[in-house]
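Colleague: Provided below for reference: sequence and predicted model.
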Amino acid sequence: MSHAAPPSPLRTWLSTLPVLLILAGSVLIWTSRQASGRMIQLGEHIWPGYAADLRRDPDPVVVPSPTAAVDPGANADEALIGDILGEEAPPAAPPAPGAADEALIGDILGEEAAAPAAAPPAPGAADDALIADITGEAPAAPAPVVETPATPRATLTPTISAFRAVDRSLDAFASWGASVYRQTLVLLLLLCGATATAARAHIGLVNARTAAEDRGVQIAQLLGNGLVAASCYALYQAQQDSGTEISDPYLPLMWAGAFVLMGLINVGHLARPLVPEPDAPPTSLVRMALSVPLYTSMAFIASVWFLLLEKYPAGLAVYLQNLTEHAELYLYVGLYVWTGMLLKRTRVASLGFDLLRPWKLPPELFAAVVVPLAALPTAYSGASGIFVIAVGGLIYQEMRAAGARPQLALATTAMSGSLGVVLRPCLLPVIVAYLNPVTTDVLYDWGRWVFVLTAVLFALVLIVTRQSPLSVAPVREALPEMGKRMKPLGRYVFVAVVVLGLCYLLLDQTLDEHTAPTLLPLVLFGFLFVERGARALTPPATPPVREATDETTGHIGALLLLMSLSIALGGAIERSEIILMMPSDLGSPFLTMGLLVVVLIIIGMTMDPYGAVIVVSATIADVAYKNGIDVSHFWLTVLTAFELGYLSPPVALNQLLTRQVVGGAEVDRVMAQATGSWWRRNEATLLPVTVMGIALLIVAFVPLFFTAA
């Protein structure tokens, strides 16, 4: 798949460059936080006590005045005695003469002052005893005097001061960055959403291909954007009228501004409609409706519920802002997309396919190898859809070059990301663990077995439905050639080891599910440096980084808007209490699981994965727990059901993304020219659905036989 044309200078300055700064800034903020922590460890090792004493400013030392040394309760006590006895209290005794002079002489002579004589009773002490005699009460114990030691200034050498200044600067920058995560996420959505709208790149069931269809889409988007913007403004007004202090009072206005901007772009598109394709099919209301972006349809449904049924104008915006409650996680989505687009600009995927060519695999075996191998980069790209966007076009081309029929190539492309969502360090299980009482370790440990199961099922279905004989090149011929083709990959392995090794030494961080979003861009920058030299790492002027960020911008806008409105739609579903119609105690884990599987597939068909996780966590998860389904078993079933949903009509998100990267015209041509049996004509859909359907039945029900027993 050829690279997209470079963006115009105006788009570079208005969209690509700001998004690049946001994404690179997110990596820099994370790096600063880890570097500060590493410096604290190093400082403590070199100067014991650095973290507790030297790193912070000393507390101010208050020098008491002579009158302050007198017991503050003495005068009050004496006055009280005077009131009781009917006498005036005697004047307070002055401080002992010469005490300050003796201390000064000691300083001059370098000697310690002589130890003072036994101190007389504190003023007021005898009076306390007298009061106790009169009133019959025990005197209160004097409050202990707590002295706060000052930072030992003598140990703050210039070296320590410079070290401390760097450490505290890094910490201050990281703290500031963490404090603006919410605003940064909304700004990212504003920029990327506007870019996706301008490029007509939002995710829909089909693409508009005529001017009339495009006008219908733009009008629908304009109305949807207006409804969301109005809800955000209603939330702002409600917060202002409440009189309570809001941590981010202008955040709803930022949301409203994002959707107003997209609405203005829709108006511009209405004035300049899409140029129709030469072979475009006739316009129809059905096709026009299918062309409306999914996020717009979700906005309509949620608005109908909140405005017409609940009379709650701010309701949609309330749930929309849930995205910002986990702002750092959703910024990671943007970083994963960026990683995928950077990977697309390298030769790594192409060199990986080169390793398979010497074996001369038949198309079915080629697909059986490609899909499991794609699971690892899928896990490192955050979600199956992100991987399809990044590498799907190349997979389709390689499958066709290997002699695969077009339907099989489309099926392999759509399913290329499905097996990796349960492997470490995929972001989706991290969000599941963040919202539910289950750990990522448990999900990943069992996820490996789900991966093996799905890979085996995929190979078996391919073998059963094959058209080609299962013959491969002799080992004595293929293995040496494969060894030769591994050499170009060696430098990428070396770069990855160096970058990750430096991160471990300097930041004390390894590559895992928590660090992958921020470490992987650094690794990809290293790959680009190896391929193109230093000019590849001077954004935004250089083509690789600029083109990757430009393509990232549109994809982030499409995905984040889909996630945002998925959450809003999920809020409407939650408040409708449809889930409460399901009995909380069904009496059988098998019956419960059967009903849950149906609901989960429907959710997976219609919603984005990250939004769907929030919906399931807030609605039906408790139903599973109350009916004796283990929490880790339930969530592995959820992830498997979601992947089946992403491959199943009517929405089939991964199929839509495959269409986007392969090309709508190419997919339409393949579907129109399909011949043979019913399976062959619909293999692009039936193969993934069959494999994931069987896997879901096994994952959902087989463990119940052991837990129920």
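Modeller: In hand now; what should we look at?
Colleague: Spatially central residue in this protein, please.
Modeller: For the chain, residue 329 is the residue whose C-alpha lies nearest the centre (C-alpha atoms, centre = their mean; 2.1 Å).
Colleague: pretty sure that residue contacts residue 429?
Modeller: No: assessed by C-beta atoms under 8 Å, residue 329 is found out of contact with residue 429, at 11.9 Å. From N, CA and C alone the C-beta is placed, and that goes for glycine too.
Colleague: sorry, back to before: give me the number of residues near the residue nearest to the residue nearest to the centre of the chain when sequence neighbours are not counted?
Modeller: The spatial neighbour of residue 329 that comes closest, neighbours along the chain excluded (C-beta to C-beta, 6 or more residues apart in numbering), is residue 431 at 5.8 Å. Neighbourhood size, residue 431 [other C-beta atoms under 10 Å]: 22.
Colleague: contacting residues for the residue nearest to the centre of the chain?
Modeller: The neighbourhood of residue 329, defined by C-beta atoms under 8 Å, 6 or more residues apart in numbering, consists of 427, 430-431, 434.
Colleague: Which two among those residues are spaced furthest apart?
Modeller: 427 and 434 (10.1 Å; C-beta to C-beta).
Colleague: Look at these two and report which has more neighbours.
Modeller: Comparing residue 427 with residue 434 by neighbour count (other C-beta under 10 Å), the higher total belongs to residue 427, at 26 against 13.
Colleague: ok so, going back, so which of the contacts of residue 329 is the closest to residue 460?
Modeller: After measuring these against residue 460 - C-beta to C-beta - the closest member comes out as residue 427, at 29.6 Å.
Colleague: Identify the residues contacting residue 162.
Modeller: Per C-beta under 8 Å, 6+ apart, neighbours of residue 162: none.
Colleague: What sits closest to residue 625 if chain neighbours are left out?
Modeller: Nearest to residue 625 is residue 631, by C-beta to C-beta, 6+ apart, at 6.4 Å.
Colleague: If you count contacts, what does the helix or strand where residue 679 lies end up packed against?
Modeller: Element membership for residue 679 (DSSP states H and E) is helix 678-681. The helices and strands touching helix 678-681, judged by 3 or more C-beta pairs under 8 Å, 6 or more residues apart in numbering; DSSP states H and E, number zero.
Colleague: So residue 11 is in contact with residue 195, correct?
Modeller: Yes: at 7.5 Å, residue 11 counts as touching residue 195 under the criterion of C-beta under 8 Å.
Colleague: and those two? which has more neighbours close in?
Modeller: Set residue 11 next to residue 195 and count neighbours by other C-beta under 10 Å: residue 195 wins out with 26 against 16.
Colleague: Test my guess that that one contacts residue 551.
Modeller: No: the pair residue 195 / residue 551 is not scored as a contact, 10.1 Å apart, by C-beta under 8 Å.
Colleague: returning to that earlier point: and the contacts of residue 329 as CSV, adding distance to residue 399, pLDDT and secondary structure?
Modeller: What follows is those, written out as CSV (distance: C-beta to C-beta, whole Å; pLDDT from 0 to 100; DSSP: H, G, I helix; E, B strand; the rest coil):
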residue, distance to residue 399, pLDDT, secondary structure
427, 27, 83, helix
430, 31, 88, helix
431, 31, 87, helix
434, 36, 87, helix
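Colleague: Poorly predicted segments of the chain, please.
Modeller: Applying pLDDT under 70 to the chain flags residues 1-8, 58-154, 382, 533-542, 579-580, 583-584, 708-709.
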